[in-house]
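**Student:** quick one, structure for this:
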Amino acid sequence: MKKEFEEWVDNHVGNQDSKTAIVTGANTGIGFYTALGLAKKGANVILAGRSEEKLQHAISSILEDLPAARVSMAIVDLASLQSVRDFAGQFLKDHRQLDLLVLNAGVMMPPAATTEEGFELQFGVNYLAHFLLTQLLLPVMRSTPNARVVTVSSIAHRAGVIDFDNLRLEKPFDTRKLYYQSKLANIIFALELARREVGQEQPVMSVACHPGITASDLQRHLDPEIIRKMNFMETWQGSLPTLLAATKTDVQPGDYYGPDGEGEFMGWPAPGVIEERALDTELGKLLWEKSMVYSGLQGNVQY
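**Tutor:** Numbering: from 1, shown residues only. As a prediction, this is how the structure comes out:
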């Protein structure tokens, strides 16, 4: 385990012994280090992903550093809403508490593709599958004291626009624009969930974060020439805003964390700046209502 990462976790993350956590996309990158940090502090961590082989490798890596860690895997393909339903259903059969749900998994600027239900891949994986997963797990989280949902967004949300007429590749494909859209949807969702939990008997805390410019497998679809010209934080450091959002004791609903450097590109975790568009409460309501239909939770949806 990286010494700097270990020291940061020891100094900033409290005891997680009694907690159960799910981290999506935990087989690599920021998700892996998020799972590692939570496991180091005693949480029962479920690493969720679509590749059993990669998840097993991640678990083996954690156990090499932390032989007593409580870690397990769960298979879920976020490009399939049915897979999300199956995963959530199995979790609810096996568990009676869920303290922490980290919505981390994502894809970044891939070639044109759609999910099983026909949604543009980035919107479907980065946002809609996580929306559905949260809705399905909210009941158990509301019965777990001080439960928390952490949504991983991006500084790219600043350039995002939600185009409800282009969620299924109806318009000429622009992978960058669609990535920005998905990450804006993430943070709008986190804020809307925070608002909707107000008044619940035992509300679930909803917060968001972003990793700045961090080296990870997420960049695998980018032009290698562009990558060579960029400066990236190491992956462990990029995971720290997520760990802070997940464990900070005085976090408030709707908080947002990212690196503290110029432009929030690099640095140590601190409160971040949310683009004004994401604060639009009417847009938040509209996206939520449409997502209930898109995800099959309301209305008669046909894929």
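**Student:** where do the helices sit along the chain?
**Tutor:** Taking DSSP state H, the helices of the chain run over residues 3-12, 29-40, 52-65, 81-94, 121-122, 129-142, 175-197, 224-228, 235-238, 240-247, 281-294.
**Student:** mean pLDDT for the ones you listed: which is lowest?
**Tutor:** If the helices of the chain are sorted by mean pLDDT, helix 224-228 sits at the bottom with a mean of 56.
**Student:** for the helices of the chain, which one sits closest to Phe164?
**Tutor:** Nearest to Phe164, of all these, is helix 281-294, at 6.6 Å by Cβ to Cβ. Any C-beta I mention is one placed from the backbone N, CA and C, and that applies to glycine too.
**Student:** how far off centre is the closest one?
**Tutor:** 19 Å (Cα atoms, centre = their mean, to the nearest Å).
**Student:** measure how that helix sits relative to helix 81-94, angle-wise.
**Tutor:** In terms of direction (axes from the mean of the first three to the mean of the last three Cα atoms, to 10 degrees), helix 281-294 departs from helix 81-94 by 90 degrees.
**Student:** which other residues reach helix 281-294?
**Tutor:** If you take Cβ atoms under 8 Å, 6 or more residues apart in numbering as the criterion, helix 281-294 is touched by 119, 127-128, 131, 135, 162, 164, 167, 185, 188-189, 191-192, 195-196, 277, 298-299, 301.
**Student:** give the buried subset of the residues you listed as a ChimeraX selection command.
**Tutor:** Selecting only the buried entries of those in ChimeraX, with 16 or more other Cβ atoms under 10 Å as the criterion:
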select :119,127,128,131,135,162,167,185,188,189,191,192,196,277
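**Student:** let me see the contact set for Ala113.
**Tutor:** The contact partners of Ala113, by Cβ under 8 Å, 6+ apart, come to 120-121.
**Student:** I'd like the helices of the chain laid out as TSV, including distance to Thr115.
**Tutor:** Listed next are these as TSV, based on distance: least, Cβ to Cβ, whole Å:
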stretch	distance to Thr115
helix 3-12	33
helix 29-40	19
helix 52-65	20
helix 81-94	7
helix 121-122	6
helix 129-142	8
helix 175-197	12
helix 224-228	26
helix 235-238	26
helix 240-247	24
helix 281-294	10
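**Student:** much appreciated, bye for now.
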